[in-house]
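K.L.:
test case, fold it:
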Amino acid sequence: MSAVADTHAHHDDHGHHPAGILRWIMTTNHKDIGTMYLWFSFAMFMVGGTMALVIRAELFQPGLQIVNPDFFNQMTTLHGLIMVFGAIMPAFVGFANWQIPMMIGAPDMAFPRLNNWSFWLLPPAATLLVVSLFVPGGAAGAGWTLYAPLTVQMGPGMDLTIFAVHLLGMSSILGSINIITTVLNMRAPGMTLMKMPLFCWTWLITAYLLVAVMPVLAGAVTMTLTDRHFGTTFFNAAGGGDPVLYQHIFWFFGHPEVYIIAIPAFGVVSQVIPAFSRKPLFGYSSMVYATASIAILSFIVWAHHMYTVGMPLEAQLYFMYATMLIAIPTGVKVFNWLATMWKGSLTFETPMLFAIGFLFLFTMGGFSGLVLALTAVDVQMHDTYYVVAHFHYVMVAGALFSAFAGVYFWLPKWTGRMYDEKLGKIHFWLSMIFFNLAFFVQHFLGIAGMPRRIPDYSPVFAEFNMISSIGAFGFGLSQLLLVYNVVKTIHGGRKAPARPWDGADTLEWTHLPSPAPYHSFETPPTVR
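P.N.:
Presented below is the predicted three-dimensional model:
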């Protein structure tokens, strides 16, 4: 009850509210905190994106032209860490903060002050990551996976990175505890778990994943820290340790992490597609079970990132089959989304375009993942640009496109104003075209054998790299349209109607005052 009392105390109107910047620092309101998560995530998206553009500028043609190899490595490391922990994860936590209490009929999150603290751990962590660039020896140039033994020999930038990872992990764990407690204890009377919006389900499952694996990452970086400063030899073969142990610990975190990013994206898409199909989600309970299956299976496939470390054949076969198994519940989800659209009264506003873009590109990323699951193939593809292409199809086209869909979908609810639909559609098409330009050709580079994380390469790869770099710059610049559209909406968009997506212009019931009637959609809807 104290949590609820805390919430109500926040809403009393006796003039005790801090104003200005203090309001944001001290807020316990889930909407304010959701807003801060979203803006923070966008800022980090721009920082991480700028680093990606440094990488692509260097790779525009063969030879070393813009940055030195050390700085190039630092860019790849920080681009990965900032995009995963600073951009994508906080974006979905922002959605969770905004939407979950409203979707389950709760007055706020279960622990409003803990919620505030979860957010305010992020800016210091992000600052540490960026500052690590400027200390002697620079940031950890070890790749975002921070593999030992590289990390044990790095300069003090590595210590800042380790500390940042700890803070980011704390933020995730606290936020997850908050989400689990809110969803399990604060649903409106009569809302059973199987009646919740699917977005709440995906976040409940994601929160359990985070609580399970973030401490594992903390363990890995703490062992690295003690190897660096306290004379332990966890990852040093000379002292009886094993560098491959680091990879096992890291990927036991790292594979569920992929689904920590993807599962909330599934949740957003599962809200958007039914809304613009004018139909309930097809196969709700199978969606819940498929999501839970994906989460459980994600714990038993980690070593498919490690086929080249010298595992016994039996282990390689096991990880290959277990990985291919994940394709089944994922296939169920894709089938259900398509079945939801089948015979619906579809309209293609910006959120729906991004959701369909997600569906198309995420499925492609899934197929290239299936290719990489095959041990014999992966041994050839490992650490080439094929892998880079695969995970960007899953992360950018998967997570980021669904995040864009969520922003456009809920913006009228958040701001009370409608965004510029035409600008939104231009943003979608530019993103879609440039994304594929940037990453599709990387499959060919990988098949041809170009290794990742290198600043220089053979001239035979020049054309594809040039296309990829042009695509990357186009994709990066087209995101400025999103900023412009959001700011324009907040400051002067037209007022949103009470139910902004009911009256899509192509439907014949738009002039009716009541919401759209439910139909089997076997026959065209008629006005009653």
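
K.L.:
tell me the first helix or strand C-terminal of the top helix by length along the chain.
P.N.:
With DSSP state H setting the assignment, residue counts place helix 243-277 as the longest helix in the chain. Where DSSP states H and E defines the elements, the next helix or strand beyond helix 243-277 is helix 284-297.

K.L.:
helices or strands next to that following helix in the packing?
P.N.:
Other helices and strands packing on helix 284-297, by 3 or more Cβ pairs under 8 Å, 6 or more residues apart in numbering; DSSP states H and E, are helix 198-229, helix 243-277, helix 327-341. Placement of C-beta: from N, CA and C, glycine included.

K.L.:
so for the shortest one, mean pLDDT?
P.N.:
Rounded to a whole number, the mean pLDDT of helix 327-341 is 97.

K.L.:
do the same with the first one
P.N.:
Confidence over helix 198-229, taken as the mean pLDDT, stands at 97.

K.L.:
same check, this time on the second one
P.N.:
With pLDDT averaged residue by residue, helix 243-277 scores 96.

K.L.:
may I see the buried residues of that helix?
P.N.:
Buried residues in helix 243-277, defined by neighbour count with 16 or more other Cβ atoms under 10 Å: 243-244, 246-247, 249-277.

K.L.:
just to revisit the earlier point, switch the helices and strands packed on helix 284-297 over to a markdown table; also include distance to S118.
P.N.:
Output for those, formatted as a markdown table (distance: least, Cβ to Cβ, whole Å):
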| stretch | distance to S118 |
| --- | --- |
| helix 198-229 | 11 |
| helix 243-277 | 15 |
| helix 327-341 | 28 |
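
K.L.:
can you tell me how far G474 sits from F276?
P.N.:
27 Å (Cβ to Cβ, to the nearest Å).

K.L.:
neighbours of G416, how many?
P.N.:
G416: 13 surrounding residues under other Cβ atoms under 10 Å.

K.L.:
backbone dihedrals for it, please?
P.N.:
phi 80, psi 10 (degrees, to the nearest 10).

K.L.:
who touches the nearest residue to it once chain neighbours are set aside in this structure?
P.N.:
Excluding the flanking residues, the one nearest G416 by Cβ to Cβ, 6 or more residues apart in numbering is A496, at 5.6 Å. Residues near A496 by Cβ atoms under 8 Å, 6 or more residues apart in numbering: 412-413, 415-418.

K.L.:
where in this protein is pLDDT low?
P.N.:
Low-confidence segments of the chain, defined by pLDDT under 70: 1-16, 503-528.

K.L.:
the strands in it, which residues?
P.N.:
Using DSSP state E, the chain contains no strands.

K.L.:
wait, isn't L374 in contact with L317?
P.N.:
No: L374 sits out of contact with L317 when judged by Cβ atoms under 8 Å, with a separation of 10.8 Å.

K.L.:
neighbour count for the two, which is higher?
P.N.:
L374 (16 against 12).

K.L.:
can you name the residues that contact the more buried one?
P.N.:
Contacts here follow Cβ under 8 Å, 6+ apart; on that basis L374 touches M320.

K.L.:
so how far is G283 from it?
P.N.:
The spacing between L374 and G283, counted by Cβ to Cβ, is 29 Å.

K.L.:
could you do F475 as well?
P.N.:
Note on F475: its distance to G283, by Cβ to Cβ, is 33 Å.

K.L.:
settle it for me: which of those two has more neighbours?
P.N.:
Taking neighbours as other Cβ under 10 Å, F475 and G283 compare with F475 leading, 25 against 17.

K.L.:
need the nearest residue in space to the more buried one, chain neighbours excluded.
P.N.:
Spatial nearest neighbour of F475, chain neighbours left out: F434 (3.9 Å); criterion: Cβ to Cβ, 6+ apart.

K.L.:
go on, G219?
P.N.:
Residue nearest to G219 in three dimensions, not counting chain neighbours: I249, with 6.4 Å by Cβ to Cβ, 6+ apart.

K.L.:
and the one you found, how far is that from A397?
P.N.:
29 Å.

K.L.:
thinking again about what came up before, which residues touch the residue nearest to G219?
P.N.:
216, 219-220, 223.

K.L.:
please apply the same query to S293.
P.N.:
328-329.

K.L.:
repeat for the one 4 residues further on
P.N.:
Residues near L297 by Cβ under 8 Å, 6+ apart: 322, 325-326, 329.

K.L.:
what is the nearest of those to T35?
P.N.:
Using Cβ to Cβ, P329 is the member of those that lies nearest T35, at 33.2 Å.

K.L.:
between L374 and L317, what contacts are shared?
P.N.:
Here L374 and L317 share no contacting residue, scored by Cβ under 8 Å, 6+ apart.

K.L.:
could you export the contacts of L297 as a markdown table, including neighbour count?
P.N.:
Compiled in a markdown table, the contacts of L297 are given as follows (neighbours: other Cβ atoms under 10 Å):
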| residue | neighbour count |
| --- | --- |
| A322 | 17 |
| L325 | 15 |
| I326 | 23 |
| P329 | 19 |
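
K.L.:
now those residues as a markdown table including distance to H166?
P.N.:
Below are the contacts of L297 laid out as a markdown table (distance: Cβ to Cβ, whole Å):
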| residue | distance to H166 |
| --- | --- |
| A322 | 30 |
| L325 | 33 |
| I326 | 29 |
| P329 | 32 |
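
K.L.:
for these, work out which two are farthest apart.
P.N.:
Using Cβ to Cβ, the pair of these lying farthest apart is A322 and P329, separated by 12.8 Å.

K.L.:
circling back to that earlier point, counting neighbours, what do you get for the residue nearest to F475?
P.N.:
20.

K.L.:
was I right to think it contacts Q479?
P.N.:
No: F434 is not in contact with Q479 according to Cβ under 8 Å; the separation is 9.8 Å.

K.L.:
buried stuff in stretch 304-322?
P.N.:
By 16+ other Cβ under 10 Å, the buried positions in stretch 304-322 come out as 304-307, 311, 316, 318-320, 322.

K.L.:
do stretch 466-479 as well
P.N.:
467-469, 471-476, 478-479.

K.L.:
any idea which of those residues is closest to V407?
P.N.:
Once Cβ to Cβ is applied, the member of the buried residues of stretch 466-479 that ends up nearest V407 is Q479, at 11.5 Å.

K.L.:
could you find the closest non-adjacent residue to the closest one?
P.N.:
Closest to Q479 by Cβ to Cβ, 6+ apart is G49, at 6.9 Å.

K.L.:
enumerate every residue touching that neighbour.
P.N.:
Neighbour list for G49: 83, 476, 479 [criterion: Cβ under 8 Å, 6+ apart].

K.L.:
burial of the closest residue to G283 other than its chain neighbours, as a residue count?
P.N.:
Leaving aside its sequence neighbours, G283 sits nearest to N336 (Cβ to Cβ, 6+ apart; 4.4 Å). Using other Cβ under 10 Å, N336 has 19 other residues around it.

K.L.:
hmm, back to that, what's the farthest-apart pair in the buried residues of stretch 304-322?
P.N.:
Longest span within the buried residues of stretch 304-322, Cβ to Cβ: H305 and Y318, 14.2 Å.
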